[in-house]
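Undergrad: Kindly return the folded structure for what I paste below:
(chains A and B)
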2 protein chains.
Amino acid sequence: MSLLVVGTVAIDNVETPTERRDDLLGGSATHFSVAASFFTHVKIVGIVGADFPGEHMAMLNEKGIDTSGIVIVKGGKTMRWTGRYEPNMNDRESLETHLNVFETFDPVLPEEHRQSRYVFLANGVPGIQRKVMHQAPGRRLAVADTMDLWINIMRDDLGQLMRELDGLVLNDSEAKLLTGKENLVTAGHLVREMGPKFVIIKKGEHGAMFFSEHETYVLPAYPTTEVIDPTGAGDSFAGGMMGYLAEQDNFDPVTLKTAMAYGTIVASFNVAGFGLDRMHSLTRADIDERMGEYRKMLSF
Amino acid sequence: MSLLVVGTVAIDNVETPTERRDDLLGGSATHFSVAASFFTHVKIVGIVGADFPGEHMAMLNEKGIDTSGIVIVKGGKTMRWTGRYEPNMNDRESLETHLNVFETFDPVLPEEHRQSRYVFLANGVPGIQRKVMHQAPGRRLAVADTMDLWINIMRDDLGQLMRELDGLVLNDSEAKLLTGKENLVTAGHLVREMGPKFVIIKKGEHGAMFFSEHETYVLPAYPTTEVIDPTGAGDSFAGGMMGYLAEQDNFDPVTLKTAMAYGTIVASFNVAGFGLDRMHSLTRADIDERMGEYRKMLSF
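TA: This next block holds a predicted model:
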């Protein structure tokens, strides 16, 4: 079943304690769609400038991603982000963010994108996320990501979006900010009461928590020493999860939990290289093999 | 199979963001032995002053714990600790620590304690932990806890202890301090290479990681909103784990993982009340019921 994602397509510079890499393919919609491409057909909607390298577009196409929804602005510049990770590889500082052509992006979905059944609204202005969602009247499942900025300055718009969403994905500090609660289980249920049928709190290296009316659970991250560049981990988690749901064309509780596990596994590969380096050579067989190890790890 | 624990028996004052409670039964050996008592017969070795309340001793005895190894020093004062938790309930400040009679405690195991097969050395001076271990020549499994203080000032003694231990339990910040590594998977394996056959890294609300030569895994904490007082969570985790191992009289890989899960569950009850409040009324049936939920949570 086809999956639609709307979000940023960017060029990243990433500095870790040991290395710096420039001009990497980045952006939330990019990491999401590459992760999801191992499971289903993905349509990506975003915007870039004329400076966007052909090799980056080729990489997305090689993964079978439908890039016809990426607007290329003549004379425009692609969004650029430069970030530096602390030695713990969890905390990072955004050194530079140039939204460029993304700043005024008001997505209009191509006709054939409007019938998408699975929709992911990567982090963005809540009002725009909502407008995009309304352009997909055939949706069965709409899930969004958000960030601290919108919680701080556009809480009403975010609230309106949340009341219409099926699922919301956010990280632990954002869940605390949104609810004022320090206990993540309390926070997760409070976020759910704001509207979404389910809420997923991402905890980075500590895994992810799921909250619905009848279920609360936490799955750990896959333990790995290969953490080269955490950029896009959350988006690839969401991509693996939504990709699996679209593949199964089902989101009952059992499928949702398996989808979270797949998201966890795909994210563990995403962080194993700069940008999307590790994802280039990754196969579904690699994912399924690690998924087997993960299942074994959690059984006793 | 009988289980021996050597460590502190204390009187705690605990301040949380919402409440303060004084004169609670505390100490590492206490939290450990109460947690383990749901699984096996526990012998506790420690030291208190004449001021140690009879009701506290009665509570330990009610749980079937052999308290004959607790030395009562006439005219001496019991160890006292006062701590304050931050709103996140993870970080805490030790406001006052008076070791009192514990300061010069050099345990001599009673004759019948020397044949214990399962031995837990709660956090203490590494040289003393090692001396105690040598007094139990019948041990099949010796596991120790440690802390940042000993890593900083007695690293050689700790190293000597580690080379003789079967298992070491420590928390995430201590594992980073001991190895200089920020990645916990890397750190866990490096600690194991220092001697212990297995290493467990406790991550508080984020669960615990296990490392042996052939296994690496992580189990999440049981997600709960009932976090009243985290004091003793790590000791009750170790107590539940060691109690189950002693009950099974086995520590093969499958039993060890199940034991870690039991430790996780018992710890989730320990934090649900001040001091040992919640543990008073807890039953093995309560533990097994939550264990069932936990197993279900981790299966998909």
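Undergrad: Please enumerate the strands of the stretch 101-250 of chain A.
TA: Counting by DSSP state E, counting those that start in this stretch, residue ranges of the strands within the stretch 101-250 of chain A are A:118-121, A:141-145, A:167-171, A:198-202, A:208-211, A:216-219.
Undergrad: Can you name the residues in contact with stretch A:255-268?
TA: For stretch A:255-268, the external contacting residues (CB atoms under 8 Å, 6 or more residues apart in numbering or on different chains) are A:35, A:38-39, A:198, A:200, A:207-208, A:210, A:212, A:217, A:219-222, A:224, A:233-234, A:236-245, A:248, A:251, A:287, A:290-291, A:294-295, B:300. The C-beta positions use only the backbone N, C-alpha and C, and glycine is treated the same way.
Undergrad: Which of those fall in helices?
TA: Counted as lying in helices by DSSP state H, out of these, are A:35, A:233-234, A:236-245, A:248, A:287, A:290-291, A:294-295.
Undergrad: What parts of the stretch 101-250 of chain A come near chain B?
TA: The stretch 101-250 of chain A has residues A:182-186, A:189, A:203, A:205-207, A:209, A:216-221, A:223-225, A:227 near chain B, with proximity defined as CB under 8 Å from any CB of the partner chain.
Undergrad: Just the buried subset of these, please.
TA: When neighbours are counted using 16 or more other CB atoms under 10 Å in any protein chain shown, those contain these buried positions: A:183-186, A:189, A:203, A:205-207, A:209, A:216-221, A:223-224, A:227.
Undergrad: still on that earlier bit, format the strands of the stretch 101-250 of chain A as a markdown table; extra columns: mean pLDDT and distance to B:P87.
TA: A markdown table is the format used below for the strands of the stretch 101-250 of chain A (pLDDT from 0 to 100; distance: least, CB to CB, whole Å):
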| stretch | mean pLDDT | distance to B:P87 |
| --- | --- | --- |
| strand A:118-121 | 98 | 32 |
| strand A:141-145 | 98 | 26 |
| strand A:167-171 | 97 | 19 |
| strand A:198-202 | 98 | 18 |
| strand A:208-211 | 98 | 19 |
| strand A:216-219 | 98 | 21 |
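Undergrad: Please work out which of these is packed deepest.
TA: Ranked by mean neighbour count, the strands of the stretch 101-250 of chain A are led by strand A:118-121 with a mean of 29 (mean count of other CB atoms under 10 Å in any protein chain shown).
Undergrad: Next, the distance between the ends of stretch A:145-160.
TA: 14 Å (CA to CA, to the nearest Å).
Undergrad: sorry, back to before: filter the ones in helices among the contacts of stretch A:255-268 down to the buried ones.
TA: Under a neighbour-count criterion of 16+ other CB under 10 Å, the subset of the ones in helices among the contacts of stretch A:255-268 counted as buried comprises A:35, A:233-234, A:236-245, A:248, A:287, A:290-291, A:294.
Undergrad: List the contacts of A:I44.
TA: A:I44 makes contacts with A:5, A:9, A:29-30, A:33, A:60, A:65-67, A:69-70, as judged by CB under 8 Å, 6+ apart.
Undergrad: I'd like those as JSON lines, with secondary structure appended.
TA: JSON lines is the format used below for these (DSSP: H, G, I helix; E, B strand; the rest coil):
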{"residue": "A:V5", "secondary structure": "strand"}
{"residue": "A:V9", "secondary structure": "coil"}
{"residue": "A:A29", "secondary structure": "helix"}
{"residue": "A:T30", "secondary structure": "helix"}
{"residue": "A:S33", "secondary structure": "helix"}
{"residue": "A:L60", "secondary structure": "helix"}
{"residue": "A:I65", "secondary structure": "coil"}
{"residue": "A:D66", "secondary structure": "strand"}
{"residue": "A:T67", "secondary structure": "strand"}
{"residue": "A:G69", "secondary structure": "strand"}
{"residue": "A:I70", "secondary structure": "strand"}
